[in-house]
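# A predicted structure for the sequence below; I have some questions about it.
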Amino acid sequence: MSATAKVFKNGRSQAIRMPREFRVAGSEVHLRRVPEGILIVERDPWEVCRDACRELPEEILAAVEKRGGNSVQKRVWWWENDRKRPGKSSARKST
């Protein structure tokens with residue numbers, strides 16, 4: 001479903017007059033810039049993610065637990081070892 005909405009100024013803010021079929025229940029929405037324009041989401045995206053995770057089948061959750069999916073991996077970063085940054089040369093070119 002698509003429609004056209006009017007954009008107008010409300011004081012120093014910009015507002016969109018939503019067509020009736022696109023009205024939302026709450027008083028806030030979440031906005032995100034995407035390559036195609038602006039995405040308006042009624043619910044917090046993290047809330048949507050949490051709900052989706054709760055709906056995962058038990059087999060998937062058991063497989064993640066079996067693999068140790070909740071463990072934190074220790075990383076050794078180049079700056080922690082007093083080493084030169086990979087791919088960077090320490091010699092400078094003179095002009």
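Cool, the structure landed.
# What segments of this structure are strands?
For the chain, the strands defined by DSSP state E occupy 6-10, 13-17, 30-34, 37-41.
# Name the residue closest to the centre of this structure, please.
By C-alpha atoms, centre = their mean, the chain has its centre lying nearest to Pro45, at 7.6 Å.
# now this structure, which segments are flagged as low pLDDT?
Residues of the chain meeting the criterion pLDDT under 70: 69-72, 81-95.
# Run through the helices of this protein in chain order.
Ranges of helices in the chain, per DSSP state H, are 45-54, 58-67.
# a markdown table please, covering those helices and showing distance to Trp79.
The C-beta positions use only the backbone N, C-alpha and C, and glycine is treated the same way. Shown next, in a markdown table, are these (distance: least, C-beta to C-beta, whole Å):
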| stretch | distance to Trp79 |
| --- | --- |
| helix 45-54 | 31 |
| helix 58-67 | 30 |
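# So which residues make contact with stretch 26-37?
For stretch 26-37, the external contacting residues (C-beta atoms under 8 Å, 6 or more residues apart in numbering) are 38-45.
# Just give me how far that stretch sits from the chain centre.
Stretch 26-37 has its average C-alpha position 12 Å from the chain's average C-alpha position, going by C-alpha atoms, centre = their mean, to the nearest Å.
# Show me what counts as buried in that stretch.
Buried residues in stretch 26-37, defined by neighbour count with 16 or more other C-beta atoms under 10 Å: none.
# Between the strands of the chain, which one is closest to Cys53.
Minimum separation from Cys53 across the strands of the chain (C-beta to C-beta) falls at strand 37-41, 17.3 Å.
# Give the pairing partners of that closest one; include direction for each.
Sheet pairing of strand 37-41 (DSSP bridges) gives strand 30-34 (antiparallel).
# Tell me what angle the strand it pairs with forms with helix 45-54.
90 degrees (axes from the mean of the first three to the mean of the last three C-alpha atoms, to 10 degrees).
# Need the CA coordinates for strand 30-34. PDB is fine.
Extracted C-alpha coordinates of strand 30-34, given in PDB (Å, rounded to 0.1, in the frame of the first residue of the first chain):
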ATOM      1  CA  HIS A  30      11.100   5.700  15.200                       C
ATOM      2  CA  LEU A  31      12.700   7.100  12.100                       C
ATOM      3  CA  ARG A  32      15.600   5.700  10.100                       C
ATOM      4  CA  ARG A  33      17.300   7.100   6.900                       C
ATOM      5  CA  VAL A  34      17.500   4.400   4.300                       C
END
